[in-house]
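S.K.: Return a 3D structure for these sequence lines:
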Amino acid sequence: MSIPGATPGGDVAEGPVDDDSTAGSGEIDRDSGPRGGAATSAALEDRYGSGRRNRFDRRFAWSAAGILVAAGIGFLVFSGWQNQNQISFQDIGHTVRDDGSVDAKFEVSAPANTPVACAVEALNKAKATVGWKVVELPVTEERTHVVTTNVVTTNPSTAVSTRTCWVLEGDAAKR
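M.R.: Next comes the predicted model:
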């Protein structure tokens, strides 16, 4: 097999090569090559995709990443602001005085100088509510309060729980 432009010693001659595929044009036809030309180009596009679609995919990925980062920052900012005014509570225990009353002990954490109220519920064996009381905590400089209160019940109670606590607003806060 002979290579166009090669000398008998194997050296390649310098200058333009004059064979049938480039004759007269001075340019190389990139679609026609030794392995199939246009068919090879189509096969490569099928296998690896075209550059235009890849650019669209990259723009979409960067846009999606930007939106996710912005949403994450927004979540952290807003959740941080809400935690500063959040009230938490935990039951410590209870003591049954008699069939008609029970003492409940619980701890409340709230921002200092904030008027807070909590709802305490007494339950019987069937988990039915047999007593209920709303307790307003005194406004103090302390963040944590341990509260003991007596809840009057209609039947003997077996459990007491703090259902919820909230910040008092308006006229209730001025009492």
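S.K.: Low-confidence regions, the protein specifically.
M.R.: Residues of the chain meeting the criterion pLDDT under 70: 1-37, 50-56, 80-85, 171-175.
S.K.: Please, which helix or strand holds residue 117?
M.R.: Using DSSP states H and E, residue 117 falls within strand 116-123.
S.K.: Now that strand: buried residues?
M.R.: 116, 117, 118, 120, 121, 122, 123 (16 or more other CB atoms under 10 Å). Glycine gets a C-beta too; all of them are placed from N, C-alpha and C.
S.K.: so what's the first one up against?
M.R.: This means residue 116. Shown in contact with residue 116 (CB atoms under 8 Å, 6 or more residues apart in numbering): 87, 108, 110, 136, 137, 145, 165, 166, 167, 168.
S.K.: Out of those residues, which end up buried?
M.R.: For these, a burial check counting by 16+ other CB under 10 Å picks out 87, 108, 110, 137, 145, 165, 168.
S.K.: So which elements touch the top strand by length along the chain?
M.R.: For the chain, the strand that runs over the most residues, judged by DSSP state E, is strand 88-98. Applying 3 or more CB pairs under 8 Å, 6 or more residues apart in numbering; DSSP states H and E, one finds that strand 88-98 contacts strand 101-109, strand 159-167.
S.K.: please redo it, this time with the cut-off set to 10 Å
M.R.: Where contact means 3 or more CB pairs under 10 Å, 6 or more residues apart in numbering; DSSP states H and E, strand 88-98 is packed against strand 101-109, strand 116-123, strand 144-152, strand 159-167.
S.K.: and the ones you listed as CSV, adding distance to residue 43?
M.R.: Converted to CSV, those look like this (distance: least, CB to CB, whole Å):
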stretch, distance to residue 43
strand 101-109, 68
strand 116-123, 73
strand 144-152, 72
strand 159-167, 67
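S.K.: quick one, which of those is nearest to residue 94?
M.R.: Among the helices and strands packed on strand 88-98, the nearest to residue 94 by CB to CB is strand 159-167 (3.9 Å).
S.K.: mind listing what the closest one pairs with, with the direction of each?
M.R.: Strand 159-167 has these partner strands in its sheet, going by DSSP bridges: strand 116-123 (antiparallel).
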